[in-house]
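Visitor: Sequence below, structure please.
(one chain, ligands or ions: 2)
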Amino acid sequence: MIYTVTFNPSLDYIVSVENFKVGVINRTKSEQILAGGKGINVSTVLTNLGVQNTALGFIAGFTGAEIERALNAHGCLTDFIKIPEGMSRINIKLRSNEESEINGQGPVIGDSELKQLNEKLSILNEDDILVLAGSIPNTMPDSIYEEILEKLENKKMKVVVDATGDLLVNVLKYHPFLIKPNNHELGEIFGKVLKSNDEIIKYAKELQKMGARNVLISMAGDGAIFVTEDGKTFESPAPKGKLVNSVGAGDSMVAGFLTGYLKEGDYKFAFKMGISAGSASAFSEELATEQEVQNILKSLTF
Ligand SMILES: Nc1ncnc2c1ncn2[C@@H]1O[C@H](COP(=O)(O)OP(=O)(O)O)[C@@H](O)[C@H]1O
Ligand SMILES: O=P(O)(O)OC[C@H]1O[C@](O)(COP(=O)(O)O)[C@@H](O)[C@@H]1O
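Guide: Residues are numbered from 1 along each chain as shown. Ligands and ions are numbered 1, 2, ... in the order given. Predicted structure coming up:
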């Protein structure tokens, strides 16, 4: 079973505004409210691709209740821990001439709620895959993913981490099966702006030296690079298509990769599925469906 953990789920309020202007009243052209947060998006796309999984994490208030309801209505299995105070965040995704985002902080997660998560995770074993994805509320230390993995160290399950900065760097010593920073996040870790594929590959390999097994670097409209644990490197431009909504493209890529890996046990196929799912989500209003992913997969020429 795949378990995703989202410390900070969200309702994503995705609004399109023509020629958005600061300091005046703008009116929306279209608007949507979708359950989001990185692990939750991974769960949604895994479900779309027919891969059974359970979404874990913390929810609070009426926004949290709506996140759970929407996921269950979509057919996702959930086992959230309810925080008695505060509310899950609403993240604003503004689509105009440029895409802008405002991501909230999220409710305070207490020690007893964290203990409940650790109890749920203690039943996982080597046949399971654990996906830790997204930011943590700013009331928590950057060592939290590391502390979770320390407790699970002897379980030998595959771990996927999609996080930024120290939250990611701190877990590398536990040898995550897959990490998926984007090119900007990779550069930020090393205090550099990475300008070429060669530079990106060089620093992806640095993360492997620090402990990561497989490193998938997403580059939005520029495609992706994948450096495998067995020393291979795959590079792919992004499939051609019209960008509709890139929210969740990175999470879709993780879900596509895992689906491909579970299906064929082959890294190249997993990479192709990752690219296809990422772009399928970028080319549609909501997250990728199986048919959309298959259509792009068929068009890939490598
Ligand atoms: N504009 C786009 N055109 C085509 N594919 C895209 C586009 N944006 C994202 N994708 C696909 O989704 C993947 C993940 O997107 P990216 O924006 O890099 O992730 P993140 O949201 O984690 O930063 C990319 O590697 C690519 O395959
Ligand atoms: O936890 P973070 O880093 O604040 O990100 C949360 C946001 O990221 C998303 O999961 C989308 O992520 P990606 O576009 O990187 O795939 C949104 O659904 C959510 O609002």
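Visitor: Count the residues that sit near the nearest residue to residue 217 once chain neighbours are set aside.
Guide: Using C-beta to C-beta, 6 or more residues apart in numbering and skipping the chain neighbours, the partner closest in space to residue 217 is residue 225 (4.6 Å). Just so you know, the C-beta spots here come from the backbone N, C-alpha and C atoms, and that holds for glycine as well. Other residues lying near residue 225 total 22 when counted by other C-beta atoms under 10 Å.
Visitor: so residue 225 makes contact with residue 200?
Guide: Yes: Residue 225 lies in contact with residue 200 (C-beta atoms under 8 Å); the separation is 5.5 Å.
Visitor: check contacts around the residue nearest to residue 217.
Guide: Residues in contact with residue 225 (C-beta atoms under 8 Å, 6 or more residues apart in numbering) are 197, 200, 201, 204, 216, 217, 219, 233, 234, 235, 236.
Visitor: Quick check: ChimeraX command selecting the buried ones in these.
Guide: A single ChimeraX command is used to select the members of the contacts of residue 225 judged buried by 16 or more other C-beta atoms under 10 Å:
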select :197,200,201,204,216,217,219,234,235,236
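Visitor: which one of the contacts of residue 225 sits closest to ligand 1?
Guide: residue 219 (5.5 Å; C-beta to the nearest ligand atom).
Visitor: OK, contacts around that closest one?
Guide: Here residue 219 is in contact with 182, 183, 200, 225, 238 (criterion: C-beta under 8 Å, 6+ apart).
Visitor: confidence score at the residue nearest to residue 217?
Guide: Here the pLDDT value assigned to residue 225 is 98.
Visitor: So it: helix, strand or coil?
Guide: strand (DSSP: H, G, I helix; E, B strand; the rest coil).
Visitor: Sketch out the strands for the stretch 101-250 of the chain, chain order is fine.
Guide: 129-133, 158-162, 178-179, 214-218, 224-227, 233-236 (DSSP state E, counting those that start in this stretch).
Visitor: what about the fifth one and ligand 2, any contact?
Guide: Spelled out, it's strand 224-227. No: judged by C-beta under 6 Å from any ligand atom, strand 224-227 stays clear of ligand 2, getting no closer than 12.8 Å.
Visitor: returning to what we had before: which residues are common contacts for residue 225 and residue 200?
Guide: Joint contacts of residue 225 and residue 200 (C-beta under 8 Å, 6+ apart) are 217, 219.
Visitor: need the contact list for the nearest residue to residue 135 once chain neighbours are set aside.
Guide: Excluding the flanking residues, the one nearest residue 135 by C-beta to C-beta, 6+ apart is residue 8, at 5.4 Å. By C-beta under 8 Å, 6+ apart, the residues touching residue 8 are 37, 57, 58, 88, 89, 106, 134, 135, 136, 137.
Visitor: Can you get me a residue count around the fifth one?
Guide: It stands for residue 89. 26.
Visitor: Just the pLDDT at the residue nearest the centre of the chain, thanks.
Guide: Using C-alpha atoms, centre = their mean, the residue of the chain that lies closest to the mean C-alpha position is residue 251, 3.3 Å off. On the pLDDT scale, residue 251 is placed at 98.
Visitor: going on from the strand or helix carrying it, what's the next piece of helix or strand?
Guide: Using DSSP states H and E, residue 251 sits within helix 249-264. Next along the chain after helix 249-264, taking DSSP H and E as the criterion, comes helix 267-282.
Visitor: near ligand 1, which residues of the protein show up?
Guide: So the chain meets ligand 1 at 182, 218-221, 223-224, 238-239, 241, 243, 246, 249-250, 253, 275, 278-279, 282 (C-beta under 6 Å from any ligand atom).
Visitor: Now the stretch 51-200 of the chain against ligand 1: closest residue?
Guide: residue 182 (3.6 Å).
Visitor: Could you do the chain as well?
Guide: Counting by C-beta to the nearest ligand atom, the chain gets nearest ligand 1 through residue 250, at 1.9 Å.
Visitor: what number of residues lie near that residue?
Guide: Counted with other C-beta under 10 Å, residue 250 comes out at 25.
Visitor: Repeat that for residue 195.
Guide: Other residues close to residue 195 by other C-beta under 10 Å number 10.
Visitor: Please enumerate the helices of this protein.
Guide: Using DSSP state H, the helices found in the chain span residues 38-48, 61-73, 111-121, 144-151, 165-169, 183-190, 197-209, 249-264, 267-282, 290-299.
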